[in-house]
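Trainee: I need the structure of the sequence given here:
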Amino acid sequence: MSLPPLVEPADELTIDEVRRYSRHLIIPEVGMAGQKRLKNAKVLVIGAGGLGSPALLYLAAAGVGTLGIVEFDTVDESNLQRQIIHGQSDIGKSKAQSAKESILETNPNTNVVLHEVRLDNDNVFEIFEPYDLIVDGTDNFATRYLVNDAAVLLGKPYVWGSIFRFDGQVSVFWAEHGPCYRCLYPEPPPPGMVPSCAEGGVLGVLCASVGAAQVTEAIKLLTGIGDPSLGRLNIYEALDLNWRALKVRKDPNCAICGENPTVTELIDYESFCGAITEEAADAAVGSTISVKQLSEWIKLKDNGEKDFVLIDVREPNEYEINKIPGSVLIPKADFQTGVALEKLPQDKQLVFHCKSGVRSAEVLAIAKGAGFSDAVHVGGGVVAWVDQIDPSQPSY
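Mentor: This is a model prediction of the structure:
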């Protein structure tokens, strides 16, 4: 459905701005009035990563007057495959600062406001309040639900996007005019069920496709043109070059925007979404070793003083990137189906590891449930191993 413009027009465009935005001005649906609205708009982008990178650059290029950035991370080399707002010389730099520099190079007229903090219950209302529109480029469920609930409670619209491997999703959520994120996803998936991009990967160029679609929705909302994707979930399949749309209706029983809401204030989102299952958390208590401990165990094993099997539960393509010496690969999925349990030795201690310790904790719970009571897992996984023990290997 069409909606009125989200912001009022600025008083005027300068001569330089008329030249810069001339290709917008000659589009009847945008014109001078639409461009003035963009100039007067204040948009907050959460994250300067895969989705935030193209979104920030295109919002700036389009002439959005004020861009806020919520980002606390630093630029890593593995970001550069998809986070095009950063470059080689930005490695180690604040992502927020790096993004600001690129934005001002794209459009020096943009007012860039940095929020170099982790978004949480204590700061979300204060950060959101000055902005007309939120663009959500986050990659974890806890922050997605936080963004949604804060936006609903403040009555603000936001454009949501997500990416994984070759597929992406885009929608507009605005509880005053349609569904919210909880109407679409009332509950987060079980912990460990949906791998993150860091675990499952993402085609770099997919970020540009989805991020650009988010900006298109943002421009439509700000200027009042077109039909925003309110009540539509747009699904992009890169390998088929196919967009399809699903209708999303407002849920009268929605926990926050329904007729009788049960969520009337911000909640504990980490607990709501859960980093790992309760079973995994329980299994890891007293059964977690550090990479330094593992290094000592490997030395003892080499000297014939200790015997154990080191099992990598990541995917084969991850195993090709880096590995802990002496490990054998048995993916987590094989434990979930039970196939792996038949292969495990009964006379040796089992030591599980993954990339960061989440998947290995889940496998540890399965193994303990199957009777391997002395099994342990490696906290921090390969990331900690490369960082603390063997920096000659690549990280990812």
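
Trainee: Buried residues, the helix ranked longest in the chain. List them.
Mentor: As assigned by DSSP state H, the longest helix anywhere in the chain is helix 204-223. Across helix 204-223, burial judged by 16 or more other C-beta atoms under 10 Å covers 206-223. Glycine gets a C-beta too; all of them are placed from N, C-alpha and C.

Trainee: Contacts for the helix or strand that it is followed by, please.
Mentor: Next in sequence after helix 204-223, counting helices and strands by DSSP states H and E, comes strand 232-237. Strand 232-237 has contacts (C-beta atoms under 8 Å, 6 or more residues apart in numbering) with 166-172, 184, 206, 209-210, 213, 242-248.

Trainee: and if we set it to 7 Å?
Mentor: 166-171, 184, 209-210, 213, 243-248 (C-beta atoms under 7 Å, 6 or more residues apart in numbering).

Trainee: what's the angle between the longest helix of the chain and strand 232-237?
Mentor: Computed by axes from the mean of the first three to the mean of the last three C-alpha atoms, to 10 degrees, the angle separating helix 204-223 from strand 232-237 equals 160 degrees.

Trainee: same for helix 204-223, what does it pack against?
Mentor: helix 31-40, helix 52-62, strand 133-136, strand 158-164, strand 167-173, strand 232-237 (3 or more C-beta pairs under 7 Å, 6 or more residues apart in numbering; DSSP states H and E).

Trainee: and the angle for that helix with strand 158-164?
Mentor: Using the same axes, to 10 degrees: helix 204-223 against strand 158-164 is 170 degrees.

Trainee: Helix 204-223 versus helix 31-40: what angle between them?
Mentor: Using the same axes, to 10 degrees: helix 204-223 against helix 31-40 is 110 degrees.

Trainee: Now find how far off-centre helix 204-223 is within its chain.
Mentor: Mean C-alpha position of helix 204-223 versus that of the full chain (C-alpha atoms, centre = their mean, to the nearest Å) differs by 16 Å.

Trainee: Tell me which of the helices and strands packed on helix 204-223 lies nearest to Q393.
Mentor: strand 158-164 (25.5 Å; C-beta to C-beta).

Trainee: Do me a favour and average the pLDDT over the closest one.
Mentor: Strand 158-164 shows a mean pLDDT of 96.

Trainee: do the same with stretch 169-182
Mentor: Rounded mean pLDDT across stretch 169-182 is 97.

Trainee: Convert the C-alpha atoms of that stretch to PDB, please.
Mentor: This file holds the C-alpha atoms of stretch 169-182, laid out as PDB (Å, rounded to 0.1, in the frame of the first residue of the first chain):
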ATOM      1  CA  GLN A 169      15.300 -11.500   2.400                       C
ATOM      2  CA  VAL A 170      14.000  -7.900   2.500                       C
ATOM      3  CA  SER A 171      10.900  -6.400   4.100                       C
ATOM      4  CA  VAL A 172       9.500  -3.200   5.700                       C
ATOM      5  CA  PHE A 173       8.100  -3.400   9.300                       C
ATOM      6  CA  TRP A 174       6.000  -0.700  10.700                       C
ATOM      7  CA  ALA A 175       3.500  -1.800  13.400                       C
ATOM      8  CA  GLU A 176       1.300   1.300  13.000                       C
ATOM      9  CA  HIS A 177       0.600   0.400   9.400                       C
ATOM     10  CA  GLY A 178       1.200  -3.400   9.100                       C
ATOM     11  CA  PRO A 179       3.100  -6.300  10.600                       C
ATOM     12  CA  CYS A 180       6.300  -6.300  12.600                       C
ATOM     13  CA  TYR A 181       9.200  -8.700  12.600                       C
ATOM     14  CA  ARG A 182       7.500 -10.800  15.400                       C
END
